[in-house]
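J.: need coordinates for the below:
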Amino acid sequence: MVDEIVEKNSLIIDQINQHSHNTKERRELFSQLYGYQIPETTDIKAPYNADVGCQTFVKDNVFINKDCFFMDLGGIWIDEKVKIGPRVSLVTVNHAENPNHRDDLITGSIHIERNVWLGANVTVLSGVTIGENSIVGANALVTKDVEPDSIYVGAPAKKLRDLRY
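T.: Have a look, this model is predicted:
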C-alpha cells in the first residue's frame, strides 16, 4: 500500500517541481499531496521532495522554503508560525543497527512546535520534538529533543543558550 501512495504522490511532487506555480496553485498541489486543505496562511516553496508525502501535517502561518526534503513515513507535525529554511531535511525513518535486520524500518515522528525557526540546511532525525519558540541554527543535526525557548547549533545540535526576549 505504501508503494502505491508513494507512486501517486511522486506524480504530484513532479508537478510541483517541474512547473512554475503561484502561491495559490502550489497550495492546492500540496493539499493534494498531503490529503487535506493547506491553510491559506501557509506557504511552501518548490522545489520540494518527500518519500510518502501524505504523513505531513502543517498548521496556520507556516513557511517552508525551497529545497526541503521530508521523509514523512513516521509522521511530521508542524505547528503554527513555524519557519523552515532552505534545504531542511526532516527524517522520520531509520534502520536497525543489527546487520541481520538492517532492512527493517524504524519510524519515529517529528513534532515542530509553535513559533520555531529552523535555519538553512538543518537535519532533524526521527523521534525528535523541537520545543516552542526555539531556533535551530544553520547546518545543525538535531538528534535529540530541543528545549522550548532556546537556541541549538552544531552537529550534533547542542544548546547554545536560552532565548532572551
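
J.: tell me the contacts of Phe70?
T.: Counting by C-beta atoms under 8 Å, 6 or more residues apart in numbering, Phe70 touches 48-51, 53, 56, 76, 89-90. (Each C-beta comes from the backbone N, C-alpha and C, glycine too.)

J.: okay, and the beta partners of Ile78?
T.: The partner list for Ile78 in beta bridges (DSSP bridges) reads Val58, Ile112.

J.: mind listing what it touches?
T.: Ile78 touches 56-59, 62, 64, 84, 112, counting by C-beta under 8 Å, 6+ apart.

J.: quick one: pLDDT of it?
T.: Here the pLDDT value assigned to Ile78 is 98.

J.: distance of it from Asn9?
T.: As judged by C-beta to C-beta, to the nearest Å, Ile78 and Asn9 stand 18 Å apart.

J.: one step back: most neighbours of all the contacts of Phe70, which one?
T.: Comparing the contacts of Phe70 by number of neighbours (other C-beta atoms under 10 Å), Leu90 comes first, having 27 neighbours.

J.: am I right that that residue is in contact with Val124?
T.: Yes - shown here, Leu90 and Val124 form a contact pair, counting by C-beta atoms under 8 Å, at 5.1 Å.

J.: okay, and the common contacts of the two?
T.: Applying C-beta under 8 Å, 6+ apart, one finds that Leu90 and Val124 are jointly contacted by 110, 112.

J.: report the two of the contacts of Phe70 separated the most.
T.: Using C-beta to C-beta, the contacts of Phe70 span at most 14.8 Å, a distance reached by Gly53 and Ser89.

J.: contacting residues for Glu80?
T.: Here Glu80 is in contact with 59-62, 114-115 (C-beta under 8 Å, 6+ apart).

J.: quick check, nearest of those to His19?
T.: Nearest to His19 out of these is Val62 (C-beta to C-beta; 22.4 Å).

J.: wait, Asp104 sits on Asn94?
T.: No - using C-beta under 8 Å, Asp104 is not in contact with Asn94, being 9.6 Å away.
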